[in-house]
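Peer 1: this one's structure only:
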């Protein structure tokens, strides 16, 4: 089984590589090549930092089109942190930046009435919504389990039914993960969330295995 | 209130973990990767590796330790000590660090912080403020507490925030390694000056010291060294005591 981590020159991809390498029978590759991505059994879109720069780097490598074709194959994709945000139609970071548009909705700064410090740098808990967690990246995760978050922007999906979990910070309930068809994405960093995070990785690998 | 993060602070000289008092008289007390792995397994929330003499001797020996740590610990890792260039940061992040802590080079050239935050994002840049009490104020120090920065520590923290750091780690020189508690006034003054997360470092001798700090300041994280290095309390004892005292932690 081959999992490709999209390496487009932004963020800490080594940690995701190391976390996935914990598991047997998983061939993990860092790549930005169209061939590697299209032939992957599972794809991870990582990212930290600025939305605008990330989109620029993706476009420079023609990756928006490649990722679109990959998703059309119906194979699993996991977006992490900024990699989740990039899946949306647009971000208001630095004005307005167009995203990949695979998920309907926008990425916005935490609302003005957030009563705590930004960026949100913290271990925080995820809460179940209406969408079932079985056969998702949370299949064996306990409700309210803790994960590591670092971000100032939040995803606002248009379709509420794709929200897999919400998290509360500074009095604001925000969408901390989604599942839409073969696409999973989480705002937190599973590769930095100790055993709970490694479990999320393992669940993603299981999803990839089923699709093989 | 957020969950308070407990961070293992591991000061390093060459390939050994060192600890002193007031950032002086460093003694070797263990192997970095053995200690980071142990703390990870015990439930620490984050790890900070600091090259204790890097900015004095102009070198950075942390990359190998970092590479090993990121293979066996899956929590945020910060490295600091002797970071001077954009390339230093790039090397650290591509070796698996999530954040870099910068003190001396920020004092010498604040534009370096602006450039770094722009390039890697604020979340990757921690402003390290090393402070010594001077009457009713605190003076900032550089070069591992050897030289004055000629800045008020709380003013300096505010400047760092404005330049784009995502967090501030404040170390009390007076309290470091003494295990008699944090400089609560310093942490309080500093958290009131900035709107970004603050990590308090220097002085933790027991979980009660951490509880006292959390009850009296709005700090977001605490760095512990002697307390866990010398086995006074382990991480789960620290966290359970905090929880018993109604401080939110990740268990």
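Peer 2: Received it, and whenever you're ready, just let me know what you need. Please read these numbers as outputs of a predicted model, since none were measured by experiment.

Peer 1: show me what residue A:106 bridges to in the sheet.
Peer 2: residue A:90, residue A:156 (DSSP bridges).

Peer 1: so it sits against residue A:90, correct?
Peer 2: Yes. The criterion here is CB atoms under 8 Å, and residue A:106 meets it with residue A:90 at 5.1 Å. Heads up, the C-betas are built off the backbone N, CA and C, glycines and all.

Peer 1: now do the helices in chain B.
Peer 2: Using DSSP state H, the helices found in chain B span residues B:32-42, B:54-57, B:63-72, B:86-94, B:104-108, B:110-120, B:153-163, B:184-193, B:207-216, B:226-229, B:235-244.

Peer 1: and those as a markdown table, adding mean pLDDT?
Peer 2: What follows is the helices of chain B, written out as a markdown table (pLDDT from 0 to 100):
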| stretch | mean pLDDT |
| --- | --- |
| helix B:32-42 | 97 |
| helix B:54-57 | 67 |
| helix B:63-72 | 93 |
| helix B:86-94 | 91 |
| helix B:104-108 | 95 |
| helix B:110-120 | 94 |
| helix B:153-163 | 98 |
| helix B:184-193 | 97 |
| helix B:207-216 | 98 |
| helix B:226-229 | 96 |
| helix B:235-244 | 97 |
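
Peer 1: want to throw these into CSV with mean neighbour count?
Peer 2: Shown next, in CSV, are the helices of chain B (neighbours: other CB atoms under 10 Å in any protein chain shown):
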stretch, mean neighbour count
helix B:32-42, 19
helix B:54-57, 18
helix B:63-72, 19
helix B:86-94, 17
helix B:104-108, 21
helix B:110-120, 18
helix B:153-163, 21
helix B:184-193, 20
helix B:207-216, 19
helix B:226-229, 22
helix B:235-244, 18
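
Peer 1: which of those helices sits closest to residue A:98?
Peer 2: Shortest distance between residue A:98 and the helices of chain B, using CB to CB, is found for helix B:110-120: 20.7 Å.

Peer 1: for residue B:106, give me its contacts.
Peer 2: Residues near residue B:106 by CB atoms under 8 Å, 6 or more residues apart in numbering or on different chains: B:112, B:113, B:127, B:128, B:160, B:163.

Peer 1: near chain B, which residues of chain A?
Peer 2: Chain A has residues A:11-12, A:14-15, A:18-19, A:21, A:48-50, A:116-119, A:121-124, A:146, A:148, A:150-151, A:169, A:189, A:191-195, A:197-198 near chain B, with proximity defined as CB under 8 Å from any CB of the partner chain.

Peer 1: what subset of the residues you listed is buried?
Peer 2: Neighbour-count burial (16 or more other CB atoms under 10 Å in any protein chain shown) applied to these gives A:11-12, A:14-15, A:18-19, A:48-50, A:116-119, A:121-124, A:146, A:148, A:150-151, A:169, A:189, A:191-194, A:197-198.
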